[in-house]
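>>> Any chance you could fold what I've pasted below:
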Amino acid sequence: MARIQYQKRSADPWADLELEDILDLLSQYLLRSGLGFQDSEDRLEDLRRALAQALQQAGRLTLEDLEALERGAPGSARLREELERLVQRLVDNGFLSPGNPSPAPRGRQRIPQGYALTQRGLDFLGVRSLRRLLGPVGRGLAGQHLTDRLDAGVEAGAPPKRYEFGDALNLDAAATLRASLERRGRPGDWELEEQDLQVQQSDHLGRCATVLLLDTSHSMILYGEDRFTPAKQVALALTALIRSIYPSDRLALVLFHDRAEELPLHRLAAAQVGPYHTNTMEGLRQARLILGRSRHEMRQILLITDGKPSAMTLPDGRIYKNSFGLDPAILSATFREVMRCRRSGIAIHTFMLARDPMLLGFVRRLAQLARGKAYLTSAADLGRAVLHDFLNRRSQTVH
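Alright, predicted model coming up:
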């Protein structure tokens, strides 16, 4: 006789999903950079729809259920509630925070300002991005910035040296005893003096200050490709890398469009592109001023852009713009700023997201003047290129 087994439907079909997995599914939505996506009046519905699409792509929701949800079919009410519970789990555990309501005319309900990533959520996405990008880069990170100088330190990397005032008193006992005996000349007559002190030497560990200079001109989301969201993920990954491996380093973020502005890292997720020109000169100037206040031994700018300079800041503060071709005045102003960075000892490494032949000469000239490197890459390979460059520089000596 055939046996029929009944199984009770779970009240929460996604109870097995970890909070980190849910946030990972939503990462593209939370970081996306298109114009106007935050203008929807029903922010919860917008977030719920993004989560449903991510679940369907991950194979956790059928296409039929997704279509029913999009149509607002009567049977989709329960699905909407389940999606809201997932969102609420992220809020309750500190990954998302609901925004404050915006003002509204008398008699109308105020509109909530959507859901924002908290610092915990940003940290999580940074670690996830770092792990994903470090796979292709490889393992075996030294975890230190090596220079060509030697210091008195903890890990011996060279023969001991005579102690000098200011050295860490990290004595090499055997070398100190040997120096004393050699000075006295008689094995039984031992007396220690300051000139006998020998200290261990180790690699001098340099600190690095980096400004990530991100292009937010409108072209970063044109032509069917969002190039700014991968740039955000690079910034998150670099932040996680520096916090975990190079805690004495500094990372700053500068966005440039018609003008340039430093953006706190905790506001990165909400950063948007706009209908702006590309004022590369002003972006470099802001980055140079930030790095000029740093006492770190290594200072560098990682410039991520997808187009030619099309604006510059005039001495009186006005913005001169020209979107047609490579304007000689704008190029000259940009290259002058590159030379100021070079004279200040700041390296500039350029990551170009476009392959327009007209831009190749500009990129080559910029790299030549800056004595840095230029990379022609794509949005998909941007993270790997930036991290590979950042980590490779850690294994080179700095003069």
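>>> wait, Leu387 sits on Leu134?
Yes: using Cβ atoms under 8 Å, Leu387 makes contact with Leu134 at a distance of 6.7 Å. The way it works is simple: take the backbone N, C-alpha and C, and place the C-beta from them, glycine included.
>>> centre of the chain versus stretch 55-70, how much separation?
The chain centre lies 32 Å from the centre of stretch 55-70; the measure is Cα atoms, centre = their mean, to the nearest Å.
>>> what does stretch 267-283 give?
Here stretch 267-283 is found 15 Å from its chain centre; the criterion is Cα atoms, centre = their mean.
>>> Strands of the stretch 251-399 of the chain, start to end?
Secondary structure of the stretch 251-399 of the chain (DSSP state E, counting those that start in this stretch): strands at 260-262, 298-305, 311-313, 319-321, 347-352, 374-376.
>>> now those in CSV, with mean pLDDT?
Output for the strands of the stretch 251-399 of the chain, formatted as CSV (pLDDT from 0 to 100):
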stretch, mean pLDDT
strand 260-262, 94
strand 298-305, 91
strand 311-313, 94
strand 319-321, 94
strand 347-352, 89
strand 374-376, 84
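>>> how about those strands, which one is nearest Glu82?
The closest of those to Glu82 is strand 298-305. By Cβ to Cβ, the value is 38.8 Å.
>>> Summarise which helices and strands that closest one is packed against.
Helices and strands touching strand 298-305, by 3 or more Cβ pairs under 8 Å, 6 or more residues apart in numbering; DSSP states H and E, are strand 208-215, helix 280-292, strand 347-352, helix 382-392.
>>> Show me the least confident stretch of these, going by mean pLDDT.
Note on the helices and strands packed on strand 298-305: helix 382-392 shows the lowest mean pLDDT, a mean of 79.
>>> Return the helix or strand in the chain with minimum mean pLDDT.
Least confident helix or strand, the chain: strand 146-152 with a mean of 36, by mean pLDDT, DSSP states H and E.
>>> Tell me the helices and strands packed up against the next helix or strand after that strand.
Sequence order places strand 158-162 as the next helix or strand after strand 146-152, per DSSP states H and E. If you count contacts as 3+ Cβ pairs under 8 Å, 6+ apart, strand 158-162 packs onto strand 146-152, strand 198-205.
>>> Can you tell me the strand partners of strand 158-162 and which way each runs?
Strand 158-162 has its sheet partners listed here by DSSP bridges as strand 198-205 (antiparallel).
>>> Could you pull up the mean pLDDT of the strand it pairs with?
60.
>>> What distance do you get for Leu23 to Leu90?
Distance check for Leu23 against Leu90: by Cβ to Cβ, to the nearest Å, it reads 6 Å.
>>> what's the overlap in contacts for the two?
Each of Gly121 lies in contact with both Leu23 and Leu90 under the rule Cβ atoms under 8 Å, 6 or more residues apart in numbering.
>>> which regions of this protein lie under the pLDDT threshold?
Low-confidence segments of the chain (pLDDT under 70): 1-12, 33-43, 99-114, 135-158, 163, 165-170, 184-190, 200-206, 224, 393-399.
>>> quick one: contacts for the most centrally placed residue in it?
With distances taken as Cα atoms, centre = their mean, the chain has Ala235 as the residue nearest its mean C-alpha position (1.2 Å). Neighbour list for Ala235: 212, 214, 251, 253, 265, 268 [criterion: Cβ under 8 Å, 6+ apart].
>>> try 7 Å this time
Contacts of Ala235 were listed using Cβ atoms under 7 Å, 6 or more residues apart in numbering, and they are 212, 253, 268.
>>> name the element it belongs to?
Taking DSSP H and E as the definition, Ala235 sits inside helix 228-245.
>>> Tell me what angle that helix forms with helix 382-392.
On the basis of axes from the mean of the first three to the mean of the last three Cα atoms, to 10 degrees, helix 228-245 is oriented at 30 degrees to helix 382-392.
>>> Which residue, other than its chain neighbours, is closest to Glu337?
Spatial nearest neighbour of Glu337, excluding adjacent residues (Cβ to Cβ, 6 or more residues apart in numbering): Leu284 at 4.4 Å.
>>> Would you confirm that Glu282 contacts Thr313?
Yes: the criterion here is Cβ atoms under 7 Å, and Glu282 meets it with Thr313 at 4.8 Å.
>>> who's more crowded, these two?
Taking neighbours as other Cβ atoms under 10 Å, Glu282 and Thr313 compare with Glu282 leading, 24 against 18.
>>> what's the nearest residue to the more buried one if we skip its chain neighbours?
Glu282 sits nearest to Ala260 (Cβ to Cβ, 6+ apart), 4.3 Å away.
>>> burial of that neighbour, as a residue count?
Neighbours of Ala260 (other Cβ under 10 Å): 23.
>>> What of Ile290?
20.
>>> The spatially closest residue to Thr62 that is not a sequence neighbour in helix, strand or coil?
With Cβ to Cβ, 6+ apart as the criterion, Thr62 has its nearest non-adjacent residue at 7.3 Å, and that residue is Gln56. Classification of Gln56 using DSSP: H, G, I helix; E, B strand; the rest coil returns helix.
>>> before we move on, what about the one 4 residues further on?
Per three-state DSSP, the local secondary structure of Arg60 is coil.
>>> Filter the contacts of Ala235 down to the buried ones and hand me the PyMOL line.
The buried subset of the contacts of Ala235, as determined by 16 or more other Cβ atoms under 10 Å, is captured in PyMOL by this line:
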select buried, resi 212+253+268
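>>> Looking at the contacts of Ala235, spot the one nearest Leu51.
Distance to Leu51, by Cβ to Cβ, is smallest for Leu268 among those, at 21.3 Å.
>>> how about that closest one, what does it touch?
Contacts for Leu268 (Cβ under 7 Å, 6+ apart) come out as 122, 232, 235-236, 253.
>>> Give me the domain ranges for this structure.
What automatic domain parsing lists as the domains of the chain is 19-117, 150-204, 206-395.
>>> Packed most tightly, which of these would that be?
Compared across the domains of the chain, domain 206-395 shows the largest average neighbour count, a mean of 19 (mean count of other Cβ atoms under 10 Å).
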